[in-house]
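1. no letters, just coordinates:
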């Protein structure tokens, strides 16, 4: 039986790619191939950019209120398709239905934020900044924008980007991960149903050749990227060298400090959810737990007991599973190898989930690696799976020093009742997103996603007002109004 072949969206039409190179799209819960996705090259890329460039002038000229109304209509369609989108994410990604629902909700929140952009888009003005001179600042779109998105959030991360970019007056090309193209296509179909003009949003599928062609194309003005740190750095370097505006979010190694005064039950549940939710395949997943003082033995024991009770299994047919599959079998193997390497380096495997599920699909259960030293590979490298390393420390200051040697700087949390400890952690931990008694400190749509160091390359982050700043450029106009001959500038009107 022939498989469904995913199509590109070019200039308002879904079209088959002019390529004979395709990749396979899997259902991770079963290991079954469910579709084929094209690996587009330079020709298809040029067609998508041309469509976006041709649509730009008319879309920029569309009143911003009308651009926002497109998002109001889009929001209603997303709400009516909420369950469908959630099931689609689960089918091609593997996360649980509840996790997929949470992802769709967070994506819709960005659309809601976009509906309010007209209020945030307003410029500034100052009359008589010099004699008879008025000054004003207005925002203008940057042009054709590109979004290159990862597999782990097929709906939310694209919606971090194109709703804001479109309301700001740009046209957009979405290049989703070839591992999860189906959700991106459905998002685009719904925007078409909301009466998005042809060429304003285009969807292009492919791998590295497609990405390079988009970065290099002279008509592309801005690039938004989310993925691994090495690729983020490469996209940023290549894009900025070509004179483009780039925001590139990379990987992470997120810490969670547990102080001796923390509520054990709260900390354990939050740590398990942050570490093993979505199979650990998210850049805000907790990778390292740092118990401070003599609570370490008790914390690890409680964590292992709680995480070991989580159910692992297929998510496409069962709704009450706690932990679903990983994206591919190759990824399962890589994550399992990191646990092997930790044991060889002297760490203790407190919970081994490598054989937690024996059926079909790409499964790996929760793993807890105790007595990890900061120099071990499991403590330094991003694993992107359900593996939690435990580094024991004697004090908060020792825990804070660990962050200074980490090449990432995405997020970190602390569990404590001590306000001084929380404040010290907030001010001195080397990360851009901080949680205090919050397991996953991921900001909502109204705030920027502020990774630091090796977790982000660029100046303006996704989401919030920084997203508006990224997708616009400012123009300052100075105007002198010349007075008619015979009139004195200093004569007050009320004396006439």
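-> Ah, there it is. Note that this is a predicted model, so its numbers are computed, not measured.
2. residues in contact with residue 177?
-> 149-151, 154 (Cβ atoms under 8 Å, 6 or more residues apart in numbering). The way it works is simple: take the backbone N, C-alpha and C, and place the C-beta from them, glycine included.
3. likewise residue 156?
-> 103-104, 106-107, 110.
4. surely residue 269 and residue 306 touch.
-> Yes - counting by Cβ atoms under 8 Å, residue 306 is a contact partner of residue 269 at 6.9 Å.
5. those two: which has the busier surroundings?
-> Each of residue 269 and residue 306 has its neighbours counted (other Cβ atoms under 10 Å); residue 306 has more, 18 against 15.
6. can you map out the helices along the stretch 51-200 of the chain?
-> 64-80, 82-93, 97-115, 117-121, 156-167, 181-193 (DSSP state H, counting those that start in this stretch).
7. which strands or helices does the last one pack on?
-> This means helix 181-193. With contacts defined as 3 or more Cβ pairs under 8 Å, 6 or more residues apart in numbering; DSSP states H and E, helix 181-193 has these neighbours: strand 8-10, strand 32-38, helix 64-80, helix 82-93, helix 156-167, strand 201-203.
8. out of those, which gets nearest to residue 321?
-> The closest of the helices and strands packed on helix 181-193 to residue 321 is helix 82-93. By Cβ to Cβ, the value is 10.1 Å.
9. any idea which of the helices of the stretch 51-200 of the chain is most buried?
-> Counting by mean count of other Cβ atoms under 10 Å, helix 156-167 has the highest mean neighbour count of these, with a mean of 28.
10. could you list the low-pLDDT ranges of the stretch 201-350 of the chain?
-> Nowhere does the stretch 201-350 of the chain drop to pLDDT under 70.
11. ok, which stretches of it are helices?
-> Secondary structure of the stretch 201-350 of the chain (DSSP H, counting those that start in this stretch): helices located at 208-216, 229-241, 264-276, 296-308, 329-344.
12. would you mark the buried spots in the last one?
-> Applying a neighbour-count criterion of 16 or more other Cβ atoms under 10 Å, one finds 331-332, 335-336, 338-339, 342 buried in helix 329-344.
13. burial count for residue 29?
-> By other Cβ under 10 Å, the residues close to residue 29 number 24.
14. verify the contact between it and residue 317 for me.
-> Yes - here residue 29 reaches residue 317: they are 7.4 Å apart, a contact under Cβ under 8 Å.
15. now residue 19: closest residue in space that isn't a chain neighbour?
-> By the measure of Cβ to Cβ, 6 or more residues apart in numbering, the closest residue to residue 19 outside its immediate chain neighbours is residue 38, 5.3 Å from it.
16. give the bridge partners for that neighbour, please.
-> With DSSP bridges applied, residue 38 shows beta-bridge pairing to residue 22.
17. report the central residue of this protein.
-> In the chain, the C-alpha nearest the mean C-alpha coordinate belongs to residue 157, at 4.3 Å (Cα atoms, centre = their mean).
18. what separation do you get for it and residue 366?
-> For residue 157, the distance to residue 366 equals 24 Å [Cβ to Cβ, to the nearest Å].
19. what's the answer for residue 479, then?
-> For residue 479, the distance to residue 366 - Cβ to Cβ - is 64 Å.
20. one more: residue 172?
-> Going from residue 172 to residue 366 by Cβ to Cβ gives 38 Å.
21. ok, now residue 192?
-> Using Cβ to Cβ, residue 192 is found at 41 Å from residue 366.
22. try residue 173
-> 38 Å.
23. give me the pLDDT value at the residue lying closest to residue 139 once chain neighbours are set aside.
-> Excluding its sequence neighbours, the residue lying closest to residue 139 (Cβ to Cβ, 6+ apart) is residue 472, at 4.2 Å. We have a pLDDT of 98 for residue 472.
24. can you give me the neighbour number for residue 472?
-> A count of nearby residues for residue 472, using other Cβ under 10 Å, gives 21.
25. can you pull the domain assignment for this protein?
-> Listed domain ranges for the chain are 8-250+455-478, 254-436 (source: automatic domain parsing).
26. may I see those organised as a markdown table, with distance to residue 484 added?
-> A markdown table is the format used below for the domains of the chain (distance: least, Cβ to Cβ, whole Å):
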| stretch | distance to residue 484 |
| --- | --- |
| domain 8-250+455-478 | 12 |
| domain 254-436 | 56 |
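27. among those domains, which is nearest residue 448?
-> Evaluated over the domains of the chain, closeness to residue 448 peaks at domain 8-250+455-478, with 4.0 Å, by Cβ to Cβ.
28. kindly check the end-to-end length of the closest one for me.
-> Using Cα to Cα, to the nearest Å, one end of domain 8-250+455-478 lies 44 Å from the other.
29. then stretch 350-366?
-> 10 Å.
30. how about that stretch: buried residues?
-> Of the residues in stretch 350-366, 350-353, 356-357, 361-366 count as buried by neighbour count, 16+ other Cβ under 10 Å.
31. and if you look at stretch 240-258?
-> For stretch 240-258, burial by neighbour count (16+ other Cβ under 10 Å) applies to 240, 244-258.
32. got a pLDDT number for the residue nearest to residue 12 when sequence neighbours are not counted?
-> Excluding the flanking residues, the one nearest residue 12 by Cβ to Cβ, 6+ apart is residue 198, at 2.8 Å. At residue 198, the pLDDT value in this model is 98.
33. go on, residue 11?
-> Listed pLDDT for residue 11 reads 98.
34. got it, and residue 485?
-> Looking at residue 485, its pLDDT reads 76.
35. what sits against it?
-> Applying Cβ under 8 Å, 6+ apart, no residues contact residue 485.
36. three-state assignment of it?
-> Under DSSP: H, G, I helix; E, B strand; the rest coil, residue 485 falls in the coil class.
37. quick one: the closest residue to residue 264 other than its chain neighbours from residue 417, how far?
-> Closest residue to residue 264 apart from its sequence neighbours, by Cβ to Cβ, 6+ apart: residue 302 at 6.1 Å. Per Cβ to Cβ, residue 302 is found 18 Å from residue 417.
38. cool, residue 473 as well?
-> 47 Å.
39. same thing with residue 380?
-> For residue 380, the distance to residue 417 (Cβ to Cβ) stands at 31 Å.
40. let's have the helices and strands packed on helix 181-193 in TSV, adding distance to residue 465.
-> Output for the helices and strands packed on helix 181-193, formatted as TSV (distance: least, Cβ to Cβ, whole Å):
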stretch	distance to residue 465
strand 8-10	29
strand 32-38	35
helix 64-80	16
helix 82-93	27
helix 156-167	10
strand 201-203	22
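41. quick one: closest of those to residue 46.
-> strand 8-10 (10.4 Å).
42. tell me the helices and strands packed up against that closest one.
-> Helices and strands touching strand 8-10, by 3+ Cβ pairs under 8 Å, 6+ apart, are strand 13-15, helix 42-61, helix 181-193, strand 201-203.
43. so which of those gets nearest residue 223?
-> That would be helix 42-61 among the helices and strands packed on strand 8-10, by Cβ to Cβ, at 12.1 Å.
44. so residue 51 touches residue 200, yeah?
-> No - the criterion here is Cβ under 8 Å, and residue 51 misses it with residue 200 at 9.1 Å.
45. ok, and the closest non-adjacent residue to residue 319?
-> Excluding the flanking residues, the one nearest residue 319 by Cβ to Cβ, 6+ apart is residue 97, at 5.3 Å.
46. quick one, what contacts that neighbour?
-> Residue 97 makes contact with 86-87, 90, 315, 319 under the criterion Cβ under 8 Å, 6+ apart.
47. what about it, distance to residue 83?
-> Look at residue 97 and residue 83: by Cβ to Cβ, they are 9 Å apart.
48. next one: residue 398
-> Distance, residue 398 to residue 83, using Cβ to Cβ: 47 Å.
49. with residue 28 instead?
-> From residue 28 across to residue 83, the span is 20 Å (Cβ to Cβ).
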